[in-house]
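> Pasting a predicted model and its sequence here:
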Amino acid sequence: MIDHPAFARLGFGVTGPHASLIGSVSQTRDLVHRAVDLGVTLFDTGPAYGAGRAEKRLGQALRGIRRDKVFVCTKAGIHAGGHRDFSAGAVEMSLKESLARLQTDHVDLLLLHGPAEEELTDKLIRHLEAFKARGMIRHLGICGRGAELEVATRIPAMDAIMAPLNPELTAGELERLERCKKAGLSLIGIEVMKGSAKSARLPLSPSSAWYFARHIKQSLLGRNAAPSGRSPQKSLSWALDHPLSDSVVSLTTRLKHLDANARQAGLEGSPSSP
């Protein structure tokens, strides 16, 4: 279970357009600063997003903000191009490279990114426990969508899981999350807007171009969720109010959407500098 003052009810995902070359560095910085002012102090990113570009942008954006005012979450195991490597040495190298890009001496949560049970070797767990002891990571968890999440319940070093949390989940998927919670793991919900996305429109900005391109790609692959009729606001409320959720991560490129999400989460705001 995670106990940290900056483990916010609502988190901000630094991925997608924030990891893209068409995304603006200054836009990401402005959103991160505004998020901290609002009390959205949990930031989720990963080395596979833009081949490290997302982590680097988050590190740049957090300059000048007191480190104890934010909760930084990154991942390991899936690298640029979707390459998998959960060996102890690869995870150690990934963590050290992430710390350099994030410009910090520790991450508050390191998530193993969709590992298979056989990839969670005793050697890897010992390495991760050593990183904890050295203060390089404060909490450890697993990010996934399936049975790998329950593996975390059998590893004492694990503190959290990150998983989809939306009304599209089956009863079996919700029961899995409930078992993880009963085992003492914190749950960070992702993909909370699934099924509530608006129809794609012609892009009017670089950021909207990224969303438009993603929609087209997902359509071609047959991966777009069927429209549910729920608004994004209702989807976010559902996840925030769900009894299993400890935190919910949202992604946006617009300050007004960030403000609205923070109000919906009941955040009152906090100072972003010493």
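Noted; the coordinates are in hand.
> can you map out the strands along the stretch 101-250 of the chain?
Using DSSP state E, counting those that start in this stretch, the strands of the stretch 101-250 of the chain run over 109-113, 140-143, 160-164, 186-190, 247-250.
> Quick check: which of the ones you listed is nearest to residue 180?
Residue 180 sits nearest to strand 160-164 of all the strands of the stretch 101-250 of the chain, at 5.3 Å, using CB to CB. (Glycine included, C-beta is placed from N, CA and C.)
> could you give the angle of that closest one to strand 186-190?
Strand 160-164 and strand 186-190 are oriented at 30 degrees to each other (axes from the mean of the first three to the mean of the last three CA atoms, to 10 degrees).
> Show me what strand 160-164 packs onto, helices and strands only.
Judged by 3 or more CB pairs under 8 Å, 6 or more residues apart in numbering; DSSP states H and E, strand 160-164 is in contact with strand 109-113, strand 140-143, helix 171-182, strand 186-190.
> Flag every buried residue along the longest one.
In terms of neighbour count (16 or more other CB atoms under 10 Å), helix 171-182 has its buried residues at 173, 176, 177, 180, 181.
> Now it - C-alpha only, CSV.
What follows is helix 171-182, C-alpha atoms only, in CSV (Å, rounded to 0.1, in the frame of the first residue of the first chain):
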residue,chain,number,x,y,z
ALA,A,171,-17.2,-8.9,-13.7
GLY,A,172,-14.2,-11.2,-13.7
GLU,A,173,-11.8,-8.3,-14.3
LEU,A,174,-13.3,-6.3,-11.4
GLU,A,175,-13.1,-9.3,-9.1
ARG,A,176,-9.4,-9.6,-10.0
LEU,A,177,-8.9,-5.9,-9.0
GLU,A,178,-10.8,-6.5,-5.8
ARG,A,179,-8.5,-9.5,-4.8
CYS,A,180,-5.5,-7.2,-5.4
LYS,A,181,-7.0,-4.6,-3.2
LYS,A,182,-7.8,-7.1,-0.4
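> Specify the angle between that helix and strand 160-164 in degrees.
Using the same axes, to 10 degrees: helix 171-182 against strand 160-164 is 160 degrees.
> cool, and the last one?
Counting by the same axes, to 10 degrees, strand 186-190 points 30 degrees away from the direction of strand 160-164.
> Paired strands for strand 186-190, with orientation please.
Take DSSP bridges as the rule and strand 186-190 pairs in its sheet with strand 160-164 (parallel), strand 247-250 (parallel).
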